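> The following block contains a protein sequence and its predicted model.
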Amino acid sequence: MERIPITIMAGSDHAPGHLPESSSGLHSLSTFYKGVEVTVGDRPLIALLIEEIEKSGSFGPVTIAGPAAIYKPLGLNAKILDTNGSIGTNLKAAMDDHRKSQGSAPIALLAYDVLLNADDFDELRRSYEKDKSCAVWVPFVRKPENSEELGAFGWKPTYRLLPTKGEVPVNILPGHLAILQPEAMRLPILYELLNLAYQTRNHPVATRKKVMVRSVIGKLLLNDLRTLASLRVPRLTVSVIANGLKIAERLRKGDLTIPELEDAIGGIFLHHDHEAGRSGSGVRHPIVDILRLAEDIDTREEAADLNL
């Protein structure tokens, strides 16, 4: 089984994440580069993360998308892609570099403020192999019934989804690894919406919906006008906005199924030929039980609670 190239997104937006009311009593982590400044023992978080990726053998080679001035002095066994803009800017740099060196191969993207171990990486890779023809693979994490298992991470926003229509809803937490097929994706939309999603992280769904619609609709309409001028059918605005509103409304009502979410995400981010039901690729959101995948570090309490 060939390894999948993996890029650790390790830039900074120079602003601490918003903490909702549910995080009362916690303190936002005011560091710019958590991968370096958060340590376990006396070792930087990102050094431990790369070590566990190497032990696994499921992913690699490793690229760090972040400022060379910060990461190069650490002497890490990884390629340093010198970038330090918004999350969308950094992702574009990572995608451009990957496509130049790896062609159409899939790319794994990993947040730099989670600490997975080698077994976690192997389990994720085995899960991906079941869906590897998909264009977008982003696992969700099942929230444990006993929230105390999450420790300092227990305040994280939770989403309620139905595995399929008629099944019992499941409380899930967002995971922080994705495997993408770049050629299948509407990358400019991904970069734009990712910036907005990052800026509104930990905010309620209603707030995020308003910000995203207001920010992107003009650009989508302009794109459709260009499409119309080239005598092709314009469909981008309707597809992105309709699917985005559908996700927000159904999440609010609590009756969104995972297959419906996968189809809606595909309608936003995938080229028409790669949407579900056409090429058989589409989007997959499996549910895993790897809590560390959801434990991104936003607070001082979470940093203190780290363990491998």
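Arrived safely, thanks for sending.
> Just say helix, strand or coil for Lys156.
coil (DSSP: H, G, I helix; E, B strand; the rest coil).
> so what's the most centrally placed residue in the chain up against?
Nearest residue to the geometric centre of the chain (CA atoms, centre = their mean): His176, 5.0 Å. Residues near His176 by CB atoms under 8 Å, 6 or more residues apart in numbering: 110-111, 113-114, 293-294, 296. Using the backbone N, CA and C atoms, a C-beta is placed for each residue, glycine as well.
> what's Glu129 sitting at in phi/psi?
phi -60, psi -30 (degrees, to the nearest 10).
> On the pLDDT front, check the nearest residue to it once chain neighbours are set aside for me.
Leaving out its chain neighbours, the residue that sits closest to Glu129 by CB to CB, 6 or more residues apart in numbering is Met1, at 7.5 Å. On pLDDT, Met1 comes in at 79.
> ok, now Ala276?
Ala276 is given a pLDDT of 54.
> Low-confidence stretches in the stretch 1-150 of the chain?
Residues of the stretch 1-150 of the chain meeting the criterion pLDDT under 70: 13-25, 30-31.
> And the strands in the chain, which stretches?
Under the criterion DSSP state E, the chain contains strands at 4-9, 39-40, 43-44, 59-66, 79-82, 107-111, 136-137, 140-142, 159-161, 170-174, 177-180, 283-284, 287-288.
> Phe121: which of those is closest?
When the strands of the chain are compared by CB to CB, strand 59-66 sits nearest Phe121, at 6.0 Å.
> now the closest one and strand 107-111, what's the angle there?
50 degrees (axes from the mean of the first three to the mean of the last three CA atoms, to 10 degrees).
> For the stretch 151-300 of the chain, give me the ranges with low pLDDT.
197-239, 241, 273-280.
> Pairing partners for Gly66 in the sheet, please.
Per DSSP bridges, the residues bridged to Gly66 are Asp82.
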